[in-house]
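Asks: test case, fold it:
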Amino acid sequence: MIYDIIGDIHGCLEELEDLLEKLGYKKDANGYVAPPDHKVVFLGDLTDRGPDSVGVINLVYDLVIEKKIGIYVPGNHCRKLHRYFIGRNVQLKHGIETTDAELKALNNSDYKQVKHRFMMLYEAAPLYFMNFDRSLVVAHAGISNNLIGKQGKTVETFVFFGDITGETLPDGRPVRLDWAKSYNGKSFIVYGHTPVTEPRFKNNTVNIDTGCVFGGKLTSVQFPSKKITQVESKQPHLEEKFSTFES
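Replies: Numbering: from 1, shown residues only. Modelled structure (predicted):
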């Protein structure tokens, strides 16, 4: 099986459709058809900030649940949207306010359908994806070698938020350690969560969140070839949103 893993989409539906086409997923009257022996893998953060989060939910639902040519792993923004849908006290900031506005603009029938589709996606999703021999692991914010194959609260925190210390930066973001710098496992780990200007390969890992919603690119990495495929963002460029790591 060949996996086409796609980074953080954040409501950028047009870019997602462009990237799927570039990867060889053909669209017909019944939706998308995958190239032979290919599956598309979404590593989370489908929604928030971008122009069409509802459209992204509908498309990913079709690929994963209906067509069964996709795999979905949730991100921290997905977790927050799930909490929103089940009635938790979610603060409408850090991106979810755009999804909230889209949802509130829907009629009641369409709202119920989108909610149902997202809940099905999220509640059936694994915390992270491993292929049969664990040569590939896809986790939204990454995963340390000692947590691969495990479940639980520690794993959940890591895959949703990264290797956080509990401290916060002046702008409110959590202090996050560069776990990939010391990774020494055999599994190839594909992750996102932290926007970088170009895919960052480090110690058998790659960060493919290239900040599409901030005017960067939407990126896919293919496994096992590790080939990178990208499309340019249609969103305004916000340089300050990109992180810099030691190479």
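Asks: contacts and neighbour counts: CA atoms only from here.
Replies: Fine.
Asks: tell me the SS of Leu19?
Replies: helix (DSSP: H, G, I helix; E, B strand; the rest coil).
Asks: in this protein, which residue is most central in space?
Replies: Geometric centre of the chain, nearest residue: Gly44, 2.4 Å, by CA atoms, centre = their mean.
Asks: what strand or helix carries that residue?
Replies: Applying DSSP states H and E as the criterion places Gly44 outside every helix and strand.
Asks: and for Leu106?
Replies: Going by DSSP H and E, Leu106 is not in any helix or strand.
Asks: quick check: the gap between it and Lys115.
Replies: Applying CA to CA, to the nearest Å, the value for Leu106 to Lys115 is 11 Å.
Asks: mind listing what the residue nearest to the centre of the chain touches?
Replies: Taking CA atoms under 8 Å, 6 or more residues apart in numbering as the contact definition, Gly44 lies against Gly7, Asp8, Ile9, Tyr72, Val73, Pro74, Gly75, Asn76, His77, Cys78, His140.
Asks: got any ranges where this structure has weak pLDDT?
Replies: Residues of the chain meeting the criterion pLDDT under 70: 171-172, 245-247.
Asks: where exactly do the strands run in this structure?
Replies: 2-6, 26-28, 31-33, 38-42, 70-72, 129-130, 136-138, 163-168, 174-177, 188-191, 200-202, 205-207, 217-223, 228-232 (DSSP state E).
Asks: including mean neighbour count and distance to Asp48, could those strands go into CSV?
Replies: Below are those laid out as CSV (neighbours: other CA atoms under 10 Å; distance: least, CA to CA, whole Å):
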stretch, mean neighbour count, distance to Asp48
strand 2-6, 22, 16
strand 26-28, 11, 25
strand 31-33, 16, 24
strand 38-42, 23, 15
strand 70-72, 23, 17
strand 129-130, 20, 22
strand 136-138, 23, 21
strand 163-168, 13, 22
strand 174-177, 14, 19
strand 188-191, 27, 18
strand 200-202, 17, 23
strand 205-207, 23, 20
strand 217-223, 24, 15
strand 228-232, 18, 19
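Asks: can I get these in JSON lines including distance to Asp110?
Replies: Formatted as JSON lines, the strands of the chain follow (distance: least, CA to CA, whole Å):
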{"stretch": "strand 2-6", "distance to Asp110": "26"}
{"stretch": "strand 26-28", "distance to Asp110": "23"}
{"stretch": "strand 31-33", "distance to Asp110": "19"}
{"stretch": "strand 38-42", "distance to Asp110": "23"}
{"stretch": "strand 70-72", "distance to Asp110": "22"}
{"stretch": "strand 129-130", "distance to Asp110": "30"}
{"stretch": "strand 136-138", "distance to Asp110": "31"}
{"stretch": "strand 163-168", "distance to Asp110": "37"}
{"stretch": "strand 174-177", "distance to Asp110": "35"}
{"stretch": "strand 188-191", "distance to Asp110": "32"}
{"stretch": "strand 200-202", "distance to Asp110": "39"}
{"stretch": "strand 205-207", "distance to Asp110": "34"}
{"stretch": "strand 217-223", "distance to Asp110": "27"}
{"stretch": "strand 228-232", "distance to Asp110": "30"}
